[in-house]
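>>> I would like to see how this sequence folds:
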Amino acid sequence: MPKRNDLTVREGDTLTPGGFVRTLAQKPIISVFLGGDGREKDTVLLLGLVSREVRGVRSPFVYEASKNGMRDHIEVADLTAAFAVDPGTSVLVIGPVQGVKDDGSFVQRTGESDKAVILKPRDLDVLPQGSLFLAGRLPGWAKEHMTDRGIAFEEILSRDDFAFYNAVPTAEGAVYLAIGNTDFTLFGSNVAVLGFGRTGIVMARTLQGLGARVTVVARNPGARSGAWALGYATMDFGAFTTNPSRFDVIFNTVPALVITAEVIDRLRKDCLIIDLASSPGGTDFEAAAKRGLKALLAPGLPAKFAPKTASKILAMVIADAVAKNWPHLAPDLDRIGGELL
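Residues are numbered from 1 along each chain as shown. Okay, here's the model as predicted:
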């Protein structure tokens, strides 16, 4: 059976020798995609085969599918309409990987005259009990509202599997940025990796493989000892703040202000900062600009530098999250995922 690699799936497709065919009436799920950054293609394909209908609110790939004539993929203008379903139907909401902000806004496909769509409590009121909401991050008010209404949710950015899978294209994208913004090789350079969590672990390993002299900076003694056991030099943030001038490139993964104005004043002027933490990052960018240092805020690198890989990663993690929350779908998702991914 050939693997699917485009948005041309139709009702009645048979995906296994034994025949995996469901009529629309046998699919009691509506999938709704909110916005997106371009890595949702495989997830749209995957969920399209277990959903009676796929709806998109400013979603680039649902919009593309609807324009390509897929009758069960519909672009919807507002969230209330997107979440409204017949009794007995469950709704699976896929929010953007970057998450929904506190004000309800999210990354979305917009035209020049489009006003941004904002998620509000009244939209969540339309979701039936037993629905599932998946997104990178969700604001506290939304989580409280869904808990009160019996709607399950999960924040994808909190998952270890998603973080480790994405750490690989993140590290490769960060290396690309470093090479493109310096006039020296990473080989033999003194580089600092701030933070030794999931992204920091892969970032340090990637840089070490290129021959860089890697120092891991971490608050936690356990993280520092783990980095030491893997062959990296280590220091805590106190030592880093006092003496950061030895570094040619700094890769930050800590989502808190750690590259302060004090640190920036002590860096060499040719030092490059690549901040991989979620916006607003962990760098005082204003202080860096005043000093003439090049500091790049670079979140979301997987979708920018490896969109095909990022798309498959998201689909795998979404499929696992759906299967754990709705176990009755696990066999179907495994079977279809083997064909698509």
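>>> So for residue 50, what's the pLDDT?
pLDDT for residue 50: 84.
>>> Near it, how many other residues are there?
20 (other CB atoms under 10 Å). Any C-beta I mention is one placed from the backbone N, CA and C, and that applies to glycine too.
>>> do you know how far it is from residue 72?
12 Å (CB to CB, to the nearest Å).
>>> Assign residue 265 to helix, strand or coil.
helix (DSSP: H, G, I helix; E, B strand; the rest coil).
>>> just checking, it touches residue 291?
Yes - with contact defined as CB atoms under 8 Å, residue 265 reaches residue 291; the gap is 7.1 Å.
>>> Looking at those two, which has the bigger crowd around it?
Of the pair residue 265 and residue 291, residue 291 is the one with more neighbours under other CB under 10 Å, namely 15 against 11.
>>> excluding its backbone neighbours, what's nearest that one?
For residue 291, ignoring the flanking residues on the chain, the nearest one in space by CB to CB, 6 or more residues apart in numbering is residue 264 at 5.6 Å.
>>> What of residue 281?
residue 275 is the one closest to residue 281 (CB to CB, 6+ apart), at 4.0 Å.
>>> ok, what's across the strand from the one you found?
In this entry, residue 275 is beta-bridged to residue 252, residue 297, by DSSP bridges.
>>> Who are the contact partners of it?
Contacts for residue 275 (CB atoms under 8 Å, 6 or more residues apart in numbering) come out as 252, 259, 281, 282, 283, 295, 296, 297, 298.
>>> Just put the residues you listed in JSON lines and tack on distance to residue 190 and pLDDT.
Formatted as JSON lines, the contacts of residue 275 follow (distance: CB to CB, whole Å; pLDDT from 0 to 100):
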{"residue": "252", "distance to residue 190": "15", "pLDDT": "98"}
{"residue": "259", "distance to residue 190": "16", "pLDDT": "98"}
{"residue": "281", "distance to residue 190": "22", "pLDDT": "93"}
{"residue": "282", "distance to residue 190": "19", "pLDDT": "96"}
{"residue": "283", "distance to residue 190": "18", "pLDDT": "98"}
{"residue": "295", "distance to residue 190": "17", "pLDDT": "97"}
{"residue": "296", "distance to residue 190": "18", "pLDDT": "97"}
{"residue": "297", "distance to residue 190": "22", "pLDDT": "96"}
{"residue": "298", "distance to residue 190": "20", "pLDDT": "94"}
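>>> Columns neighbour count and distance to residue 220 on top of the residues you listed, output as TSV?
Below are the contacts of residue 275 laid out as TSV (neighbours: other CB atoms under 10 Å; distance: CB to CB, whole Å):
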residue	neighbour count	distance to residue 220
252	28	16
259	28	18
281	24	20
282	21	16
283	26	21
295	24	25
296	18	26
297	17	24
298	21	24
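>>> which one of those is nearest residue 129?
Nearest to residue 129 among the contacts of residue 275 is residue 281, at 38.6 Å by CB to CB.
>>> how far away is the closest one from residue 243?
22 Å.
>>> same thing with residue 335?
Residue 335 is 56 Å from residue 243, by CB to CB.
>>> what about those two, which has more around it?
Legend: neighbour count by other CB under 10 Å for residue 335 and residue 243, higher for residue 335 (15 against 12).
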